[in-house]
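Engineer: just the structure for this:
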Amino acid sequence: MLTKPIIQSSTRREILLLLKKRGALTVQEMSELLGITGMAVRRHLIVLQKQHYIRIVLQRLNGRKPTSIYSLSNEAEGVFPDQYDTLALELLENLHDMKGDLYIEMLFAKKTEKLEQRYRRLLQGYDLEKRIRRLAQIQDSEGYMVKLEKSGEGEFLLEEANCPVSQIAAHYPQVCRCELALFSDVLDAHVERMECMAEGGGKCRYLIRERGSRQ
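Structural biologist: Next up is the predicted model:
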């Protein structure tokens, strides 16, 4: 197994942390958030790209010429410590020992309810396709590294290449069930999970189509 290069520059670590939190950013956005010049940001990005920690896509923003958008690669996930996931997992295990399965179910249900309220506010007023595209943007900004494709008439394939709560999901399948229910409810659509990272898949993949449409 190859050992990944150590991130010796504090600025490069800050760039990776920003991308971890925000999902995807332009050079200008990183420059403003870090308080350094765009040229300095680009120098660090060149190094990070050589180390395979970032990926770049071109997007046309506000009708302007294509702009480079930077996000974390899958390889970058090894850079981040997992103490927070470990702590959350230990807390859940302690709660399970004290309160049992029903309490854990209620805990995840409450979390899902809060997310549903938030997502409904962000998706309201859109038709199904726009709701799906907006959901993909939200999930991508939360670090799920989302790819969305229109796979057929009225069908969409939403892929999540990263799971920020993978360690918890591996122990508590409620996380995955709640995400599936959340997507179905806020989209008001038929959502079918095709692949799941917590179950050994390479990605989390969802097939989305209008309720009542031919399967």
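Engineer: from now on I want contacts and neighbour counts done on CA atoms only, so please keep to that.
Structural biologist: Noted.
Engineer: of all residues in this protein, which one is nearest the centre?
Structural biologist: Y144 (1.4 Å; CA atoms, centre = their mean).
Engineer: which one is it nearest to, not counting chain neighbours?
Structural biologist: Spatially, and ignoring its direct neighbours in sequence, Y144 is nearest to N162 (4.7 Å; CA to CA, 6 or more residues apart in numbering).
Engineer: go on, S141?
Structural biologist: Nearest non-adjacent residue to S141 (CA to CA, 6+ apart): G23, at 4.3 Å.
Engineer: who's in contact with that neighbour?
Structural biologist: 71-72, 140-145 (CA atoms under 8 Å, 6 or more residues apart in numbering).
Engineer: quick one, which of the residues you listed are buried?
Structural biologist: Applying 16 or more other CA atoms under 10 Å to the contacts of G23, the neighbour count classes 71-72, 140-145 as buried.
Engineer: which SS class is K150?
Structural biologist: strand (DSSP: H, G, I helix; E, B strand; the rest coil).
Engineer: so how far is D97 from the closest residue to H190 other than its chain neighbours?
Structural biologist: Spatially, and ignoring its direct neighbours in sequence, H190 is nearest to R211 (4.9 Å; CA to CA, 6+ apart). Remark: distance between R211 and D97 (CA to CA, to the nearest Å) = 39 Å.
Engineer: related to what we said a few turns ago, so of the buried ones among the contacts of G23, which ones are in helices?
Structural biologist: With DSSP state H as the criterion, helices contain none of the buried ones among the contacts of G23.
Engineer: against K65, how distant is Q167?
Structural biologist: In this structure, Q167 lies at 40 Å from K65, with CA to CA as the measure.
Engineer: ugh, wrong one, I meant E160
Structural biologist: From E160 over to K65 (counting by CA to CA), the distance is 27 Å.
Engineer: neighbour count winner among these two?
Structural biologist: A side-by-side neighbour count of E160 and K65, using other CA atoms under 10 Å, places E160 first with 22 against 10.
Engineer: per-residue pLDDT, the more buried one?
Structural biologist: Looking at E160, its pLDDT reads 92.
Engineer: surely R13 forms part of a strand?
Structural biologist: No: secondary structure of R13 (three-state DSSP): helix, not part of a strand.
Engineer: just give me the neighbour total for it.
Structural biologist: Here the count is done by other CA under 10 Å, and R13 has 17 residues near it.
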